[in-house]
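Trainee: predicted model follows, preceded by the sequence.
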There are 2 protein chains.
Amino acid sequence: MPRTNSPDDDRPDSPDRPDTPDRPDTPGRPDRPYHHGDLRRAILRAALDVIAADGPSALSLRDLARRAGVSHAAPAHHFKDRTGLLTAIAAEGHALLASTLTEAADLRDAGVRYVRFAREHPAHFQVMFRPELLREGDLELTTARALSGERLRDAVSTARPDFGGADPRLAGIAAWSLSHGFATLLLSHNLDAVVGDRDPEDVFRTATELLFPSTGR
Amino acid sequence: MPRTNSPDDDRPDSPDRPDTPDRPDTPGRPDRPYHHGDLRRAILRAALDVIAADGPSALSLRDLARRAGVSHAAPAHHFKDRTGLLTAIAAEGHALLASTLTEAADLRDAGVRYVRFAREHPAHFQVMFRPELLREGDLELTTARALSGERLRDAVSTARPDFGGADPRLAGIAAWSLSHGFATLLLSHNLDAVVGDRDPEDVFRTATELLFPSTGR
DNA sequence: CGGGCAATCTTGTCAGTGACAAGTTCTGAC
DNA sequence: GTCAGAACTTGTCACTGACAAGATTGCCCG
């Protein structure tokens, strides 16, 4: 079942609610089909919703199973355990981040894209940089993370050739810290008062002008 | 860890093992004293240890109770619930941060102190900026947070008078983002490879020199 | 001195959760 | 067609947070 992007909210085959009254509560089998069809994706989507709303700690595998209309142990089949689910999300996030950074015109644009990524994929972002939530050995995560790191370094190298001859890794740390800090504070609502109605990305861009004095491009 | 110096490691009154045989019968009743003596502080200390080691999500009230040698419901008396405990920690953190920022010589020093605070009080830092973990209405938290925010703004105002005439709030955002991002990435071990053996605060100071071009001081 | 009150802590309980084990149903490759 | 394995279910266990009700104790006020 390809249908990668369609609105596959719930059970794909049974559009009605899972509590059709013909089988009231008998512990026998429910009338939904045995196979969900795209459980992995459904769980992932629900997990992203929950995390974006209430953070990773609010995530419950059993709740996700209920949302998908599936038994409480079904998610484990696709993700092994909670850590596995979060690891999959983090890996996906790094892949998405890498892809948007690839198109960055220069370092400042990369920073803006970093912030935009955090705003558009808050759930991914909240998970990606928390090792204690992730399965550190995971191959998919490791490669995705390596890729996004490489894109980050690429962006730094597009900056003014040398940053005054400084260690480029230091410039990378500074740029990453600035973007990451802004994104983090933004997502945790610590900048709400200052940003106000303005577009956060504009605020970020303007703030960086103060530090990187309008790079020669 | 400075190890606050008071020897309140465990039960303060009973240095001996909890199985003194004077009460042979009634297996329900342990012979430890009914009152712990300084339970609130003991719980707080244990919580900081756990959070620093494994993050806030690893925190269990029952585990803290066990560490303090106390019944599983005892912590609730002092902190109401998990959120209450984390809120108390966050408030304490903001007070500590405010106090160290008060002594900052200039903006860069404030940044360095911010990073140092995160390193010396990682548990506090990991909790302070996560609203979803905190009781938002809490009075103690609100006042402590207001104080640390004020100190942050004070530090920005000590910078080069105008930052080129820019909105001082923007300069504040930029400085805060930079420091917060560095501290966050540092604590989550995302800078381990780049920082290596060097002193993180030195790395931070050097990195900021790239952005704030050696302020006229 | 002593009575009572409030703070502190305990025991008991309930629903929710993650993890695991073992069984059931379906799918697709041969 | 069949059958191996993928996808899902049921059942269970230990653990957790929250709450309720009772026990113990320090201490204030008379």
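Mentor: Looks like it arrived, so ask away.

Trainee: which bits of chain A sit near DNA strand C?
Mentor: Contact residues (C-beta under 7 Å from any atom of the strand) of chain A with DNA strand C: A:29, A:33-35, A:59-63, A:72-73, A:76, A:80-83. For the C-beta atoms, the positions are set from N, CA and C on the backbone; glycine is no exception.

Trainee: which of those residues fall within strands?
Mentor: Using DSSP state E, the subset of those located in strands is empty.

Trainee: just the ones of these in helices?
Mentor: Among the residues of chain A next to DNA strand C, the ones falling in helices (DSSP state H) are A:Leu61, A:Arg62, A:Asp63, A:Ala76, A:Arg82, A:Thr83.

Trainee: which single residue in chain A comes nearest to chain B?
Mentor: Chain B sits closest to A:Gly181 of chain A, with a gap of 2.5 Å, by C-beta to the nearest C-beta.

Trainee: toward the C-terminus from the helix or strand that residue falls within, list the very next helix or strand.
Mentor: Following DSSP states H and E, one finds A:Gly181 within helix A:168-187. With elements assigned by DSSP H and E, the helix or strand that comes after helix A:168-187 is helix A:192-195.

Trainee: from the ones in helices among the residues of chain A next to DNA strand C, which would you call buried?
Mentor: A:Leu61, A:Arg82 (16 or more other C-beta atoms under 10 Å in any protein chain shown).

Trainee: quick one: which of the ones in helices among the residues of chain A next to DNA strand C is nearest DNA strand D?
Mentor: Within these, the smallest distance to DNA strand D is 7.1 Å, found for A:Ala76 (C-beta to the nearest atom of the strand).

Trainee: make sure the closest one is actually in contact with A:Leu61.
Mentor: Yes. The criterion here is C-beta atoms under 8 Å, and A:Ala76 meets it with A:Leu61 at 7.0 Å.

Trainee: quick check: closest non-adjacent residue to A:Ser60.
Mentor: Closest residue in space to A:Ser60, ignoring its immediate chain neighbours: A:Val50 at 7.9 Å, by C-beta to C-beta, 6 or more residues apart in numbering or on different chains.

Trainee: what's the mean pLDDT across the helix holding A:Gly181?
Mentor: Across helix A:168-187, pLDDT averages out at 94.

Trainee: who does that helix touch, helix- and strand-wise?
Mentor: Packing contacts for helix A:168-187, counted by 3 or more C-beta pairs under 8 Å, 6 or more residues apart in numbering or on different chains; DSSP states H and E, involve helix A:107-120, helix A:122-128, helix A:139-157, helix A:200-211, helix B:168-187, helix B:192-195, helix B:200-211.

Trainee: how about that helix: buried residues?
Mentor: Buried residues in helix A:168-187, defined by neighbour count with 16+ other C-beta under 10 Å: A:169-187.
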